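Q: Using only what follows, build the 3D model:
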Amino acid sequence: MTDQEFAEILALGHETRGVEFKGPGPLSNRQLSAQVVRAVLGMANTRDGGMVVIGVEDMGGVLNPVGLNDQALATWRYDDVADRLAVYADPSVSFELEVKEYNGNRYVILHVGEFADIPVLCKRDYQGVLRDGACYVRSHRKPETSEIPTQADMRDLLELATEKKLRERLEQLQRVGLIIMPSV
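A: Got it, this is the predicted structure:
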């Protein structure tokens, strides 16, 4: 992501379906990390995935990009984030971690890929933030991560999973010579 693209995301002043903001703090802050996990699970179940930006406070509906101090930033290491996600995500989540600077402040961006084969479910509870067995998505109603809130959101998720499985089956048939598909 370029500096200009990041500046534009922060300048929007609100979340979008593909961008969720989380406040500053260390990964060891269990409440914050549970909220980040929830956001990542939702992004993984959204077509094309999305990003979670850590270091942006929500002050009564107004976003304040404050960044992360050195101590907090040092805790957001890829392996540690992957370990935290592994505790809650089934199957695993694909993501990249990037640190960006904007106006002298540093932020962590988790670029989350959409699920590979089947939707990602939560496999463990965390006090009012995460529920074992829940399927989190980014809603069409408003930009938030929630358990599947509407039938339209459920249909989108099922359609995405069906497309992935169909693509996989067609590739298998092509590999064994039962169908010939043009190269894309």
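Q: Which helix in this structure has the most residues?
A: Scanning the chain for the longest helix, with DSSP state H as the assignment, gives helix 151-175.
Q: Pull out the buried positions in that one.
A: Neighbour counts over helix 151-175 (16 or more other Cβ atoms under 10 Å) mark 153, 156-157, 160, 164 as buried. C-beta coordinates here come from the backbone N, C-alpha and C atoms, glycine included.
Q: neighbouring contacts of it?
A: With contact meaning Cβ atoms under 8 Å, 6 or more residues apart in numbering, helix 151-175 is reached by 45, 47, 114-119, 135, 137, 139-140, 148, 179-181.
Q: any idea which of the buried residues of helix 151-175 is closest to Glu101?
A: Comparing the buried residues of helix 151-175 against Glu101 with Cβ to Cβ picks out Leu160 as the nearest, at 34.0 Å.
Q: ok, now how distant is the closest one from Val120?
A: Using Cβ to Cβ, to the nearest Å, Leu160 is found at 12 Å from Val120.
Q: Repeat that for Arg138.
A: Taking Cβ to Cβ, one finds Arg138 at 13 Å from Val120.
Q: shared neighbours of those two, anything?
A: By the contact definition Cβ under 8 Å, 6+ apart, Arg138 and Val120 are jointly contacted by Asn45.
Q: which of the contacts of helix 151-175 has the weakest pLDDT?
A: Here the lowest pLDDT out of the contacts of helix 151-175 sits on Met181, with 65.
Q: what's stretch 129-146 in contact with?
A: With Cβ under 8 Å, 6+ apart, stretch 129-146 has contacts from 14-20, 31, 34-35, 37-39, 41-43, 45-46, 50, 88, 119-125, 147-150, 152-153, 156-157.
Q: Please disregard the earlier target; I meant stretch 26-37.
A: Against stretch 26-37 from outside (Cβ under 8 Å, 6+ apart): 22-23, 25, 52, 54, 71-72, 75-77, 80-81, 84-85, 88-89, 110, 126-127, 129-130.
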